[in-house]
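Enquirer: Quick one, what's the 3D model for this:
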Amino acid sequence: MKEFERMMDELKQLIADERRNLHIEIDHEKLSAFKETISELANIKNEYKSNLSQLRNLTEREVGQFEYSKGGETIHRGYYCPSPIYDLIVGNAKRGRLLKKKPEFGKYSYEYGFDNQDRLIRVRGVNEFTTPISRFDEEYLIYEKDIIYSVEFSNTGEINVVSKCTYNDGNIVKYERSLVIFEEDADLHFEKYYYKNNKLSEVSIFQVTPSIEMYGEQKYTVELNEDEQIVKLVGGSIENGIQEKSVFNFKK
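Expert: Numbers count the residues shown, from 1 in each chain. Modelled structure (predicted):
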């Protein structure tokens, strides 16, 4: 452990030196806020890490309908990923597609369980160890007013990831997701959404690694078609206040 800590200290110093050499500016107030978010998500993990059996039993009674999808294994929650843009800006990140009827085991990637209010409350993902009745990756969604938390259990029953989605007037305004195996080494993917006339107009994205005092920032303006589908993003990474202005067009 001491050797690992020594290596981490050396890595932090190396990155700090490189940051100074490249004149990369870090907003420490922003970084502190990200750390607070990670602590909040780590607390959610600790609250639920021993409650998988209870979550299974409670949710099983609430699930009233199912949907299935194929593909989307490289994106959070597959077809129902909360982020409206993640699959557009990350290479090879696809949502997959919904299937019209219940498929045989082995022919779907995700099973989605909804309650009688049509709320998604459980996601079961298929992995190489899954059998028709066991060893699924499991995600449980917890609704608290305008916030939806989720805890993601691996096929061995351990919580690896916690997420938090915040809504306002039905629109998602924040998407926060953290790999929290160990809080001190946890990272954070953070997206914030802005709206004009109730339509998505701008997105800010942060990829945060507090253990080395670093984060990356991206910002995009959003163009929608008449069906409110994203057809263009303009923007990119921001470094020292200077933003890329790449243009991404999407056929719909």
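
Enquirer: for the stretch 1-150 of the chain, what spans make up the helices?
Expert: All helices of the stretch 1-150 of the chain, identified by DSSP state H, counting those that start in this stretch, fall at 2-22, 28-48, 52-62, 86-89.

Enquirer: Tell me what the residue most central in space within the chain is bridged to.
Expert: Residue closest to the average C-alpha location in the chain (Cα atoms, centre = their mean): Arg177, at 4.2 Å. As for beta bridges, Arg177 partners with Ser163, His189 under DSSP bridges.

Enquirer: And Tyr215, by the same measure?
Expert: Beta-bridge partners for Tyr215, by DSSP bridges, are Val208.

Enquirer: Check it and give its pLDDT.
Expert: Listed pLDDT for Tyr215 reads 90.

Enquirer: do you know how far it is from Ser246?
Expert: Separation of Tyr215 from Ser246 (Cβ to Cβ, to the nearest Å) stands at 20 Å. Glycine gets a C-beta too; all of them are placed from N, C-alpha and C.

Enquirer: Show me which of these two is the more surrounded one.
Expert: When Tyr215 and Ser246 are compared on other Cβ atoms under 10 Å, the one with more neighbours turns out to be Tyr215, at 18 against 13.

Enquirer: Quick one: residues contacting the more buried one.
Expert: Residues near Tyr215 by Cβ atoms under 8 Å, 6 or more residues apart in numbering: Ile26, Lys30, Leu31, Phe34, Phe206, Gln207, Val208, Thr209.

Enquirer: For Glu244, see how far away it is.
Expert: Distance from Tyr215 to Glu244, counting by Cβ to Cβ: 16 Å.

Enquirer: which regions of this protein lie under the pLDDT threshold?
Expert: Along the chain, the parts satisfying pLDDT under 70 run over 1-25, 252.

Enquirer: quick one, domains of it?
Expert: 1-44+186-252, 50-157 (automatic domain parsing).

Enquirer: Redo the ones you listed as TSV? Include distance to Tyr167.
Expert: Shown next, in TSV, are the domains of the chain (distance: least, Cβ to Cβ, whole Å):
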stretch	distance to Tyr167
domain 1-44+186-252	10
domain 50-157	5
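
Enquirer: from the ones you listed, which stretch is densest packed?
Expert: Mean neighbours per residue, mean count of other Cβ atoms under 10 Å, is largest over those for domain 50-157, with a mean of 16.

Enquirer: Quick one: end-to-end length of that one, please.
Expert: By Cα to Cα, to the nearest Å, the extent of domain 50-157 from end to end equals 9 Å.

Enquirer: Stretch 192-211 now?
Expert: 22 Å.

Enquirer: Next, the residues that contact that stretch from outside, please.
Expert: For stretch 192-211, the surrounding residues in contact (Cβ under 8 Å, 6+ apart) are 8, 12, 30-31, 34-35, 38, 84-85, 89, 169, 171-175, 184-191, 214-222, 224, 228, 230, 233.

Enquirer: make it 6 Å
Expert: Here stretch 192-211 makes contact (Cβ atoms under 6 Å, 6 or more residues apart in numbering) with 34-35, 85, 171, 173-174, 185, 187-191, 215-222, 224.
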